[in-house]
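Q: Pasted the sequence and its predicted model underneath.
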Amino acid sequence: MRLLLAEDDDKLRKELGKFFSMHGYETEEITDYEHMEEEILKARGQLLLLDMNLPFLDGKYLCSQLRKKTSLPVIIMTSQNTEMDELLSMNCGADDFIPKPFNPQILLAHVEAVLKRAYGKPQEGEEVDCGSFLLNVSKGVVQSQGKEIELTKNENRILYCLGKNRGKVVSRDDLINDLWDSELFVDDNTLTVNMTRLRGKLEELGISQVIHTKRGQGYWLE
């Protein structure tokens with residue numbers, strides 16, 4: 001998971017980058033404050049940590065503008081710690097709000113909770129654009145060129161996880177943990193079998209070589 005850091009306090013931003021890297025997250029600093037919206041959209045992160053008071057613009061306004069173009073989860077960080085500030089943050093589309101100063105471990109818990117809500121479970125009727133095909137999560141089918149093929153629950157979940165992280169390597173451990181969290185049983189051998197069957201089903205639809213193995217790391221969907 002890649003976290004975007006939009007924070008104008010250089011020291012805090014660097015500290016957050018190091019802290020989240022220690023906990024297995026990639027981070028990207030967004031510091032072009034005059035073109036903040038464009039930089040955030042271009043960065044393709046999974047969550048934005050957004051300071052409410054930035055040079056050139058108000059964080060709440062930026063959040064409301066982002067909500068018109070993306071469902072990227074946003075946690076607003078601010079020293080303006082009042083119930084009204086929290087309410088305004090939520091009304092502008094933020095997913096969570098944390099007052100400064102904060103304990104980094106508390107912030108980590110907020111980040112993990114928001115990520116789990118955003119990416120942990122498919123939404124009812126959700127469809128995932130996987131490039132050369134579409135995954136209809138609620139139906140558990142892959143659709144391509146007017147054809148469709150049914151997936152098992154494990155295959156559906158694996159493809160959902162790869163599709164939501166399209167273009168990025170998802171480790172075997174992350175896939176296994178995701179399936180366990182979804183109350184689907186899978187171990188390392190079972191994952192390999194499911195991946196082989198999933199590739200075979202995609203080939204039946206004429207979709208080949210879209211799930212790639214990164215040796216020693218995991219899988220990625222092109």
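A: On my side now, so go ahead.

Q: Next SSE downstream of the worst-scoring helix or strand of the chain on mean pLDDT?
A: Ranked by mean pLDDT, DSSP states H and E, the weakest helix or strand in the chain is helix 83-91, scoring a mean of 70. Scanning forward in sequence from helix 83-91 by DSSP states H and E, the next helix or strand is strand 96-99.

Q: So which bits of that following strand are buried?
A: Along strand 96-99, these residues count as buried under the neighbour rule (16 or more other C-beta atoms under 10 Å): Asp96, Phe97, Ile98. C-beta here means a position set from N, CA and C on the backbone, and glycine is covered the same way.

Q: how close does the second one sit to Ala109?
A: Look at Phe97 and Ala109: by C-beta to C-beta, to the nearest Å, they are 14 Å apart.

Q: before we move on, what about Leu198?
A: 33 Å.

Q: Of these two, which one has the most company?
A: Set side by side, Leu198 and Ala109 show more neighbours around Leu198, with 21 against 12, by other C-beta atoms under 10 Å.

Q: Glu155 is in contact with the more buried one, correct?
A: Yes. Using C-beta atoms under 8 Å, Leu198 is in contact with Glu155, at 4.7 Å.

Q: Name the residue closest to the centre of this structure, please.
A: When C-alpha atoms, centre = their mean is applied to the chain, the residue found nearest the centroid is Gln46 (3.5 Å).

Q: quick one: pLDDT of Lys14?
A: pLDDT, Lys14: 95.

Q: That one belongs to a helix?
A: Yes. Counting by DSSP: H, G, I helix; E, B strand; the rest coil, Lys14 is part of a helix.
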